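Student: missing the sequence, but the structure's below:
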């Protein structure tokens, strides 16, 4: 029961009474999710590279009706990826029409589903308070939002993995009796294998590998080998194959060489860093691990609790067996990637486990027996407030130092160019300069104020024992900051997307004209997506088009310099799209190249021969 002193603060009274009711907690989670995720579906435009490459596969799936073989660039087979994310978006597009929000809607929906699943997960095994705080942590953290700004399937993968682990722990829990389906199948075990199959359809074999390895490691660590019998593995494999096999077989029959390319090149060779063509980079391992402090921001203020509760002995009791599971979940995935190439978003499947652990810590602090944790919690929130001050002050200093920049033009004129970093998901962060922050000063001032004021308010509430007010300040801070993050992406749209140039091209385009991208397709993939017109490629038979371009039905769209210059000098109208460096390199090779500039935006240009 809460003391009468707690009710003196009206805000604390309202918030506490809401938290005491499960429905109200679900409403709070729904409001936080909708305020952060639903309001950010329509903007910005889809970006070049992965964003519009994947969206183009959806568009062509809807247009052609081919739900087995993905295609991009108007007819080139795209066999790298598992289909579930594309199916989900294609259903939304067919239902509501093609737009940014229909493409992104499945990721937002799976974010909500994962939030609710984390709530149910935590509630069942650690109590309702733990479940609520864990789900609040997940839905309001930086990482889940940042990783769903690009059209990637990782939130769906995390959902199906978490679902499999939820049912595994239910099977492993000796206190729960089995519930038979058709008199012989344990439906909980079948849900593990069904979830595993859906994970494979979401992101390939890594879905099965993560689920299988984590479960096996947990069984070995706990010594509870009898769980293997309860899992009904033979029956489960049949369920897995019934769900996962049909698409793989259909894709294999429809596309010669699919099994080698998809399973060997895109799975095993990619894991070993030997995949061809190489179009990726890797985050340094130490950074890959420590970036969790950023992805779980601001709730890493309670990371001390995760360290304190880290298992130090072999689990024996029921509580220990359950307690150790999220740690096994995290460590095995991080260990898995310690021997592979890594991108920042590869960490996504660990975030639900971190949320479940931190949710337990916050629930303990907030409990009637939590006084022994209050000192650590206040120290953590004090560090959080200090970090907030540092971040806010740094943003203000960047604005100050950037005000001396007198460059003209759009935002791209304030950036540096670091192409070696662009294979990483957040590689463009290296391009930012103080002048960039000064150009975005209104937005940066708001972000700085958020970083300074809300952490201080959270720390102040903790000093007076108003823990739930402290957590509320943290959630509100993230709602504000994530909208600043979104607004920043909108400001960078001309740089990260080529939609405005696609519009410029389409205002002059005739059916017999040709659009050529200088260098790889991904650099101008948003032109393909927004114009619905096939792009030709100059010196760029690489990346996502490479494998599909060798099928007999692939269009002949690739130019070298000689063939392109010959076509450029004919009467056929050509639009040449290029980023700055590839264009400078081309002009250096051909100083007498005759052209007219049609449009420019974000450091990119469209040249024409007419």
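Tutor: Perfect, I can see it now. Quantities reported herein were computed from a predicted structural model and do not represent experimental measurements.

Student: where's residue 341, which helix or strand?
Tutor: Assessed by DSSP states H and E, residue 341 sits outside every helix and strand.

Student: Just confirm residue 605 is within a strand.
Tutor: Yes: according to DSSP: H, G, I helix; E, B strand; the rest coil, residue 605 belongs to a strand.

Student: Let's check: the centremost residue of the protein is which one?
Tutor: Nearest residue to the geometric centre of the chain (CA atoms, centre = their mean): residue 147, 2.4 Å.

Student: ok, now which ones touch that one?
Tutor: 154, 155, 295, 344, 345, 348 (CB atoms under 8 Å, 6 or more residues apart in numbering). The C-beta positions use only the backbone N, C-alpha and C, and glycine is treated the same way.

Student: Tell me the confidence at the residue lying closest to it once chain neighbours are set aside?
Tutor: Sequence neighbours aside, residue 345 is the residue nearest to residue 147 in space, at 4.6 Å (criterion: CB to CB, 6 or more residues apart in numbering). For residue 345, the pLDDT comes out at 82.

Student: how much space between residue 345 and residue 151?
Tutor: Remark: distance between residue 345 and residue 151 (CB to CB, to the nearest Å) = 12 Å.

Student: Check residue 267 too.
Tutor: Distance from residue 267 to residue 151, counting by CB to CB: 21 Å.

Student: which residue ranges form the strands in the protein?
Tutor: Here the chain has its strands, by DSSP state E, at 71-72, 76-77, 180-181, 185-186, 514-518, 535-538, 558-559, 574-579, 596-601, 604-608.

Student: ok, residue 311 touching residue 328?
Tutor: No: at 9.0 Å, residue 311 does not count as touching residue 328 under the criterion of CB atoms under 8 Å.

Student: quick one: which of the two has more around it?
Tutor: Neighbours per residue, other CB atoms under 10 Å: of residue 311 and residue 328, the larger number sits with residue 328, 23 against 13.

Student: so the more buried one sits right up against residue 217, yeah?
Tutor: Yes: between residue 328 and residue 217 there is a contact under CB under 8 Å: 5.3 Å.

Student: In the record's domain split, what are the boundaries for the chain?
Tutor: Annotated domains of the chain cover 79-367, 395-494, 499-608 [automatic domain parsing].

Student: how much distance is there from the shortest one to the middle of the chain?
Tutor: Here domain 395-494 shows a centroid-to-chain-centroid distance of 19 Å under the convention CA atoms, centre = their mean, to the nearest Å.

Student: How far does it stretch from one end to the other?
Tutor: Domain 395-494 has an end-to-end distance of 23 Å (criterion: CA to CA, to the nearest Å).

Student: again, but for the last one
Tutor: Between the opening and closing residues of domain 499-608 we find a distance of 18 Å, counting by CA to CA.

Student: for the first one, same thing?
Tutor: With CA to CA applied, domain 79-367 spans 51 Å between its terminal residues.

Student: Report how many residues lie close to residue 576.
Tutor: When neighbours are counted by other CB under 10 Å, residue 576 comes out with 23.

Student: sorry, back to before: ok, the residue nearest to the centre of the chain to residue 344 distance?
Tutor: From residue 147 to residue 344 the distance is 8 Å (CB to CB).

Student: same check, this time on residue 127
Tutor: Residue 127 is 32 Å from residue 344, where distance means CB to CB.
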